[in-house]
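In: What would the 3D arrangement of this be:
(chains A and B)
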Amino acid sequence: EDQVTQSPEALRLQEGESSSLNCSYTVSGLRGLFWYRQDPGKGPEFLFTLYSAGEEKEKERLKATLTKKESFLHITAPKPEDSATYLCAVRKTGANNLFFGTGTRLTVIP
Amino acid sequence: DAGITQSPRYKITETGRQVTLMCHQTWSHSYMFWYRQDLGHGLRLIYYSAAADITDKGEVPDGYVVSRSKTENFPLTLESATRSQTSVYFCASSLAGGRVDTQYFGPGTRLTVL
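Out: Take a look at the predicted model:
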């Protein structure tokens, strides 16, 4: 059965305290893994797409990595404005939709 | 550049009523999607459309109807709303196929069924 599991469910960090969010997946044929950011009351905002194991992408304080079983979203020296829910999703080969995890709610305290 | 918009943003209705949620995109994307988001669940696909007049079921299609007569619009209708359909609904769109398949989401519609 296809599964996407994100951990932890919630994470509180002090400003400047680096950490990582995890997304483990079990799908039959990965076409792509996606990271989104979602602020309260808003739609998911696209961050990264990763297609193959070993791939890395960076944007400001965020860096996403991919292995054959999981992806990490590393947050370096976070700021309060990085507070949001981070969603991981996978797209299977032959499928058109995304299959989402339940997200990690990140709070960065000043 | 308006992108992808949804209306209404908030809707309260009663059990048994018909409700239509609207989605409009200005990018001429071929693919459009409807998801619902509930606590404890990830976003779940209701229906999607690969092009005008082409639609297909997703993971949770029961109780919903879609149509797509124009590329830019993808309305979602709840024919007889039930309390279990209380949720936040997101529309998304993407270019057709290949690696250019990032889905871009609208702001959502919060629907409450009393």
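
In: Distance check, B:D38 against chain A.
Out: In this view, B:D38 and chain A are 10 Å apart by C-beta to the nearest C-beta, to the nearest Å. In short, each C-beta sits where N, CA and C put it, glycine included.

In: correct me, but that residue touches B:Q85?
Out: No: at 10.1 Å, B:D38 does not count as touching B:Q85 under the criterion of C-beta atoms under 8 Å.

In: So if I had to pick from those two, which one is more boxed in?
Out: Taking other C-beta atoms under 10 Å in any protein chain shown, B:D38 and B:Q85 do not tie; B:Q85 has more neighbours (20 against 14).

In: quick one, what contacts the more buried one?
Out: B:G63, B:L78, B:L111, B:V113 (C-beta atoms under 8 Å, 6 or more residues apart in numbering or on different chains).

In: Need the buried ones from these selected in PyMOL.
Out: Applying 16 or more other C-beta atoms under 10 Å in any protein chain shown to the contacts of B:Q85, the buried members can be selected in PyMOL as follows:
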select buried, chain B and resi 78+111+113
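
In: Among the contacts of B:Q85, which are located in strands?
Out: Among the contacts of B:Q85, the residues falling in strands (DSSP state E) are B:L78, B:L111, B:V113.

In: if we take those, which one ends up nearest to chain A?
Out: Among the ones in strands among the contacts of B:Q85, B:L111 lies closest to chain A (C-beta to the nearest C-beta), at 14.1 Å.

In: what helix or strand is the closest residue to that closest one other than its chain neighbours on?
Out: Excluding its sequence neighbours, the residue lying closest to B:L111 (C-beta to C-beta, 6 or more residues apart in numbering or on different chains) is B:K11, at 5.0 Å. Take DSSP states H and E as the rule and B:K11 turns out to sit in strand B:10-13.

In: Contact residues of chain A facing chain B?
Out: Proximity of chain A to chain B (C-beta under 8 Å from any C-beta of the partner chain) is limited to residues A:4, A:31-32, A:34, A:36, A:41-46, A:49, A:51, A:87, A:89, A:91, A:96-103.

In: try it again with 6 Å
Out: By the rule C-beta under 6 Å from any C-beta of the partner chain, the part of chain A lying against chain B is A:K42, A:G43, A:P44, A:F46, A:N96, A:N97, A:F100, A:G101, A:T102.

In: Right, I'll call it a day here.
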